[in-house]
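*Asks:* my questions concern the predicted model and sequence given below.
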Amino acid sequence: MNRRFTITTLAFCLLFSAVGSATATDPAAQITPPVRDGESIRFGVVVAHPPTRKVSFPAILNQTNGLVEYAVVTDYGKTHESLLVTTALPMDVQAALLLLRARPSGTNGLEAVSTRLPAGSGIQARILWTSPSGNPTSAPLSRCFALTKGGTQGAITGSLKSGPWLFNGSIITPEGFGAHFEGSIIALILDPIAILNNPGPDRDNDDIHIPAVDQLPPLKTEVTVELTVEPP
């Protein structure tokens with residue numbers, strides 16, 4: 001099948017599912033047409049690179065203390081409880097992942113998906129940044145969080161389990177594509193509206209996740225979120 005036709009068709013299919021009853025002033029109503037850039041395909045600030053099965057987009061370190069429930073949200077999402085904030089639109093992230101043949105799983109029954117993820121639904125996630133000394137630095141997204149016994153004053157009991165995140169692909173709400181309207185991209189707690197979810201058992205507790213400060217750059221540092229689609 002012609003690659004250009006495939007990309008265009010994908011974009012239009014997602015457009016109709018996402019917009020729903022959005023108005024022209026709603027940030028979630030802005031749908032980005034795909035653009036070829038060498039071996040990559042760009043959806044706004046989101047870049048899909050098929051040869052490496054990677055999707056990347058910019059973000060800013062938004063929080064280094066307090067409880068968090070999300071790893072990444074948009075700048076119109078739940079920024080008060082997210083480690084990272086991005087200008088990337090959830091629809092663009094979704095389109096890029098689908099382009100790389102990621103397979104959404106658990107959309108209609110997220111609670112039933114265990115830590116053994118279905119083939120094609122596992123997404124490795126990292127953040128990359130430049131240190132104050134100018135050196136390129138990166139860390140798995142899972143290592144950016146610590147687990148506490150409960151609350152910000154609780155004793156640290158460990159860190160998020162390493163490994164892939166679940167690509168559940170969000171849900172369709174009365175407004176349209178859920179993630180696009182709420183701005184939730186990667187969730188630490190169980191949230192079927194987010195595009196990616198934490199598959200670990202700690203997702204059932206919204207009072208135990210805090211930023212792992214020793215693994216993170218300074219507050220407001222510009223980072224790149226890099227998602228790698230595991231082979232099916």
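*Replies:* That came in fine, so what should we check first? In this text, all values refer to a predicted model and were calculated from it rather than measured experimentally. Numbering: from 1, shown residues only.

*Asks:* can you give me the helices in the chain?
*Replies:* Assigned by DSSP state H, the helices in the chain fall at 3-19, 90-99, 178-182.

*Asks:* and those, which one's lowest on average pLDDT?
*Replies:* Ranked by mean pLDDT, the helices of the chain end with helix 3-19 at the bottom, a mean of 44.

*Asks:* where does the prediction get shaky in this protein?
*Replies:* Across the chain, the ranges flagged by pLDDT under 70 are 1-31, 106-116, 150-154.

*Asks:* try 90
*Replies:* 1-33, 104-121, 131-134, 149-163, 171-177, 199-207, 230-232 (pLDDT under 90).

*Asks:* which residues touch Val55?
*Replies:* Val46, Val47, Ala48, His49, Val93, Ala96, Leu97, Leu100, Glu226, Leu227, Thr228, Val229 (CB atoms under 8 Å, 6 or more residues apart in numbering). Any C-beta I mention is one placed from the backbone N, CA and C, and that applies to glycine too.

*Asks:* do I have it right that the last one meets Ala102?
*Replies:* Yes: Val229 is within contact range of Ala102, at 4.6 Å (criterion: CB atoms under 8 Å).

*Asks:* shared neighbours, the two?
*Replies:* With CB under 8 Å, 6+ apart as the test, Val229 and Ala102 both reach Gly120, Ile123, Phe167.

*Asks:* and the first one, how far from Val225?
*Replies:* Read it as Gly120. Computed as CB to CB, to the nearest Å, the Gly120 to Val225 distance reads 20 Å.

*Asks:* which of these two has more residues huddled nearby?
*Replies:* Val225 (23 against 17; other CB atoms under 10 Å).

*Asks:* and that one, what is it in contact with?
*Replies:* With CB under 8 Å, 6+ apart, Val225 has these contacts: Ser56, Phe57, Pro58, Ala59, Val72, Leu84, Thr86, Ala125, Arg126, Ile127, Leu141.
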